[in-house]
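Colleague: Provide a 3D model corresponding to the input given below.
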Amino acid sequence: MEDRVQLAEEELQRLRKAHPDSTELIDGLIALAWELALKDPPRSHALTDEAQALAERLEYESGLAYCKRNNGYFAGMRGDYQTSLELSQAAMDYFWSNNDLTGQSTVQDTLSWVFWRFGHYDKAVQCSYDSLNLNRKIGDLRGEAWALHNIANLNKEIGDLDTAIEYYQQAFEKFQEAGYVVGQGRIMAALGYLYRDQGDLDKALGMQLKSLEMAREHQVAIAEASSLTAVGKIYKDLGKLDLAAQYYEECIEVAERTEHRDIASSNYLNLGELYRAKGDLDTALDYMQKSLDLARETAAKLTLSRIHHAIALVYEQQSKPAESLQHYKRFSELKDEVFSEENKSAIKNLEIRLQIEKAEQEAEIHRLKYVELAQMQAQLIQSEKLALLGNLVAGIAHEVNTPVGIINSNMDVARRAIDKIVKEAGTPNGAEVKNGGGKIFKALDILKTNNENTAAAAGKIAGLIQNLKNFARLDQADQQLADVHDGIRETLALLKSRLHEGITINCQFGEVPQIRCFPQQLNQVFMTLLMNAADAIDETGEITVKTAIQQQALLIDIADSGRGIPADKLGSIFEIGFASKDEKVRMNVGLATAYNIIQNHSGEIDVTSQPGSGTTFTIKLPLS
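Modeller: A predicted model of the protein is given here:
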């Protein structure tokens, strides 16, 4: 980060001398402002204001769009979501019409964060994956890392902590690759909070201490204050109250030095609650009063209500009912006010969301329908899964083929040795063995049979590896002429263990030609549909796979006699959504990926279903 900031500073100084009052200077101001948005918000604001004034005077549309992008980000950070959305949408209109992928990716990050705050997770996911795809396309590692960070936050919010950790780790690796230490620190802090939520306090403490070290090294005050608070809370959880107090006090020092009064107020309250836990009620009241004074300056009602509640508890412990009642009353009043304001805010947010929907339809900000967004998201996930599958199969093939080769070689040597022994036994030199060697010949017959069984088993292993390789198409070009029947057979072979005894497979293959396609991708579609069919059958049932030619198209029907799909679910069956299982919420992308693959083949995929009778998926692929 420091290198990029330094380079941006030097470039801006050069432009001020060489190109004053120019579009180049505007670009330089905006670039430095964006680099400083997290580390030095006041200066970032000032640089953006300077750039905007100059862009307005020179009528520089690109500069104005990027200023709107910056100001949309600032508005979102201070909680002014209406302004953030308006500015971000205006900037996106320009970026889209001018094919500015960098601008689009950064605005998508802001929109993702704002949608998240609304609790509109579907839209937030769309924006995050769109940003991730764009950043990978333009090769922006840091942008890619922030997009992964946002996806992790969304998974954490919906309770899928394992997936959140996975994405946080991916984001951390990208920040490392980009050399962006501040980003690494943010991930450390996020993981620290996550591990604390999971009860792993030692791991949480390690993450927060590392985050604190990074924040101090790069002088990011707000990150330092946040980490100090987090470390203090962990030490409190561990019962190390003196250490917790030390970190709270350090945080207050940083917050007061940088005029973050809300952070200072919260940590005075943290100290007060610590001393209350120790039984030192007078010191607890002193800290809580300091917290109350600062909170009154910021007019933070939610914080004020917490403080009054904490003070009421202290007075109650001191057996001072009058004072306690006074603060309980104020706590109750503030709580009612906050609740009322939250209701108004919720209504306003719903109104904003309706405006967003209308704006997206009228101006087509993203210029994409929802299904196309789903395609991009599913394509991204699909490509990652296919790459993982290829690596996995290649590794298995390499590791297993070597011992299988050794087994086959040894079996061949054993076979030839047995044949030679039998042959020699029939010569004059072997007459003695022949005359008295009935047991030897019987043993040789057993060895021969055993050798044949071992060779057959090795052949089955080699066949399984070949099926895996065929399924993943490791040795073939992506697009080629292929027989879909081969792909279906290979997929069924791999799913043999998944298909329980009560399921009957009925393949009715017609006379169909080879088609030009991506076999690996079609195999993934077959895998998804066949797995869904198997899962739909509870005890006994049938899966039928039919192929035929109809009107210059190849038709593939995959039908099951299972539970069926409710009519109200059919309309969104191919959309990315969420499903809950084992108290976790995960994204469903399998059918969205299948839809995307068939669309990429210029084909169609439809579904019909009758609850209680089964489901049929019909794939239609062009012959040419």
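
Colleague: what ranges do the strands span in the chain?
Modeller: 480-482, 503-508, 515-517, 541-549, 553-560, 577-581, 584-588, 604-610, 614-622 (DSSP state E).

Colleague: Kindly report which one of those carries the lowest mean pLDDT.
Modeller: The minimum mean pLDDT among the strands of the chain belongs to strand 584-588 (a mean of 46).

Colleague: can you list the strands of the chain in TSV and add mean neighbour count and distance to Leu285?
Modeller: All C-beta atoms are positioned from the backbone trio N, CA, C, and that covers glycine. As requested, the strands of the chain are arranged in TSV below (neighbours: other C-beta atoms under 10 Å; distance: least, C-beta to C-beta, whole Å):
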stretch	mean neighbour count	distance to Leu285
strand 480-482	14	78
strand 503-508	13	70
strand 515-517	18	75
strand 541-549	18	70
strand 553-560	20	69
strand 577-581	11	45
strand 584-588	16	43
strand 604-610	16	66
strand 614-622	19	67
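
Colleague: Would you reformat the ones you listed as a markdown table and include distance to Met188?
Modeller: Converted to a markdown table, the strands of the chain look like this (distance: least, C-beta to C-beta, whole Å):
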| stretch | distance to Met188 |
| --- | --- |
| strand 480-482 | 46 |
| strand 503-508 | 48 |
| strand 515-517 | 45 |
| strand 541-549 | 48 |
| strand 553-560 | 47 |
| strand 577-581 | 28 |
| strand 584-588 | 24 |
| strand 604-610 | 43 |
| strand 614-622 | 45 |
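
Colleague: Nearest to Lys320, out of those?
Modeller: Distances from Lys320 to each of the strands of the chain were compared using C-beta to C-beta; the minimum, 46.7 Å, belongs to strand 584-588.

Colleague: and of the strands of the chain, who's closest to Asp262?
Modeller: Proximity to Asp262 (C-beta to C-beta) singles out strand 584-588 among the strands of the chain, at 31.4 Å.

Colleague: Can you show me the helices along the stretch 251-400 of the chain?
Modeller: Residue ranges of the helices in the stretch 251-400 of the chain, as given by DSSP state H, counting those that start in this stretch, are 261-278, 281-298, 301-317, 321-363, 370-425.

Colleague: quick one: Arg306 from Arg416, how far?
Modeller: Noted for Arg306: a distance of 85 Å to Arg416, by C-beta to C-beta, to the nearest Å.

Colleague: Setting aside sequence neighbours, what's the nearest residue to Tyr195?
Modeller: Counting by C-beta to C-beta, 6 or more residues apart in numbering, Ala204 is the residue found nearest to Tyr195 once chain neighbours are left out, at 3.8 Å.

Colleague: Spatially central residue in this protein, please.
Modeller: The residue lying closest to the centre of the chain (C-alpha atoms, centre = their mean) is Ile151, at 4.4 Å.

Colleague: If I look at Ser561, what pLDDT would I see?
Modeller: Among the per-residue scores, Ser561 holds a pLDDT of 93.

Colleague: What of Ala592?
Modeller: The per-residue pLDDT reported for Ala592 equals 78.

Colleague: With Lys469 instead?
Modeller: According to the per-residue confidence, Lys469 scores 61 in pLDDT.

Colleague: Start the count at 201 instead of 1 going forward.
Modeller: New numbering, starting at 201: the last item is Lys669.

Colleague: Could you measure from the closest residue to Asn651 other than its chain neighbours over to Leu770?
Modeller: Beyond its immediate neighbours in the sequence, the residue positioned closest to Asn651 (C-beta to C-beta, 6+ apart) is Ala614, lying 5.0 Å away. Ala614 sits at a distance of 59 Å from Leu770 (criterion: C-beta to C-beta).

Colleague: okay but Glu377 is in contact with Gly339, surely?
Modeller: No. Distance between Glu377 and Gly339: 11.5 Å, which falls outside the contact criterion (C-beta atoms under 8 Å).

Colleague: Which one of those two is surrounded by more residues?
Modeller: For Glu377 versus Gly339, the count of surrounding residues by other C-beta atoms under 10 Å is larger for Glu377: 12 against 8.

Colleague: show me what contacts the more buried one?
Modeller: Applying C-beta atoms under 8 Å, 6 or more residues apart in numbering, one finds that Glu377 lies in contact with Leu341.

Colleague: Can you tell me the closest non-neighbouring residue to Ile387?
Modeller: Phe372 (4.3 Å).

Colleague: Identify the residues contacting the one you found.
Modeller: Applying C-beta under 8 Å, 6+ apart as the definition, the contact partners of Phe372 turn out to be Ala345, Gln384, Ile387, Met388, Leu391.

Colleague: just these now: which is nearest Asp360?
Modeller: Proximity to Asp360 was ranked across those by C-beta to C-beta; first place goes to Leu391, at 14.8 Å.

Colleague: does Leu232 really touch Leu247, like I thought?
Modeller: Yes. With contact taken as C-beta under 8 Å, Leu232 and Leu247 are classed as touching, separated by 5.7 Å.

Colleague: list residues touching both of these two?
Modeller: Any residue near both Leu232 and Leu247 by C-beta under 8 Å, 6+ apart counts here, and not one turns up.

Colleague: State the distance from Thr363 to Tyr294.
Modeller: Distance of Thr363 to Tyr294, computed by C-beta to C-beta: 35 Å.

Colleague: still on that earlier bit, per-residue confidence for the residue nearest to Ile387?
Modeller: We note a pLDDT of 89 for Phe372 in this prediction.

Colleague: list the contacts for Phe274?
Modeller: Contacts for Phe274 were tallied using C-beta under 8 Å, 6+ apart; they are Ala237, Pro241, Ser244, His245, Thr248.

Colleague: I meant Leu232, not that one.
Modeller: For Leu232, the set of contacting residues under the criterion of C-beta under 8 Å, 6+ apart consists of Val205, Ala208, Glu209, Glu211, Leu212, Leu247.

Colleague: Give me the distance between it and Phe709.
Modeller: Here the criterion is C-beta to C-beta. By it, Leu232 lies 64 Å from Phe709.
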